[in-house]
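Here is a sequence with its predicted model. Questions after.
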Amino acid sequence: MRVNTYRFRDTWLLSAPVPAVFDAVVDVAGYPRWWPDVREVSRLDDDTAVLVCRAALPYALTIRMRRAEEDPRTGRMRVHLSGDLEGSLAAVVLGQPGGTRLEITQQVLATKPLLRTLSPLARPVFRANHALMMRRGRRGLQAHLNAAGAR
């Protein structure tokens, strides 16, 4: 595996029904309302958006997301990523007692020159930055769902 290739697996446990979680996650344009590290979203068309993300480290990532799969019946969604990260992100929402489990898998190649250059040394820092972003995303989504009355 190349040093600038990353695989992330995250599980978000949310106290909200599956349809509410699914709808919030596929509404990419709404991410800045609840995910503090998604600074900006620009819709290019019905299937494509450009996101600008920045967590704790002093750089932003610009990522183009193109919908590849979105099936509310099975709770599955998948997007292709390009830009500062190349690869894919897949997620599935599953019902569980008391709410929903959102399983997220990302397989990406860091293409931003800064990340490519620093990956050999800063890989643990980049992974920690990603973990922080995902924690804040889960908390933000739960707060958003609570405010919307999704129980």
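Done, it's in. Residues are numbered from 1 along each chain as shown.

I figured Thr11 hits Gln96, correct?
No: look at Thr11 against Gln96 with C-beta atoms under 8 Å: they stay out of range, at 10.5 Å. C-betas here are computed from N, CA, C, even on glycine.

where exactly do the helices run in the protein?
18-26, 31-34, 113-147 (DSSP state H).

Can you give me the buried ones in the first one?
Going by neighbour count (16 or more other C-beta atoms under 10 Å), the buried part of helix 18-26 is Val18, Ala20, Val21, Phe22, Asp23, Ala24, Val25.

and what of the longest one?
Neighbour-count burial for helix 113-147, with 16+ other C-beta under 10 Å as criterion, is recorded at 115, 118-119, 126, 129-130, 133-134, 136-138, 140-142, 144-145.

re the thing from before, Met77 is nearest to which of the helices of the chain?
helix 18-26 (5.9 Å; C-beta to C-beta).

Please tell me how far Pro124 sits from Tyr6.
Distance, Pro124 to Tyr6, using C-beta to C-beta, to the nearest Å: 11 Å.

actually Pro19, not the one I typed
From Pro19 across to Tyr6, the span is 31 Å (C-beta to C-beta).

swap in Leu118?
13 Å.

Determine the residues that are contacts of both of these two.
Counting by C-beta atoms under 8 Å, 6 or more residues apart in numbering, the common neighbours of Leu118 and Tyr6 are Phe126.

so can I have CSV of the buried residues of helix 18-26 showing pLDDT and distance to Arg66?
Formatted as CSV, those follow (pLDDT from 0 to 100; distance: C-beta to C-beta, whole Å):
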residue, pLDDT, distance to Arg66
Val18, 97, 24
Ala20, 97, 24
Val21, 98, 22
Phe22, 98, 19
Asp23, 98, 19
Ala24, 98, 19
Val25, 98, 16
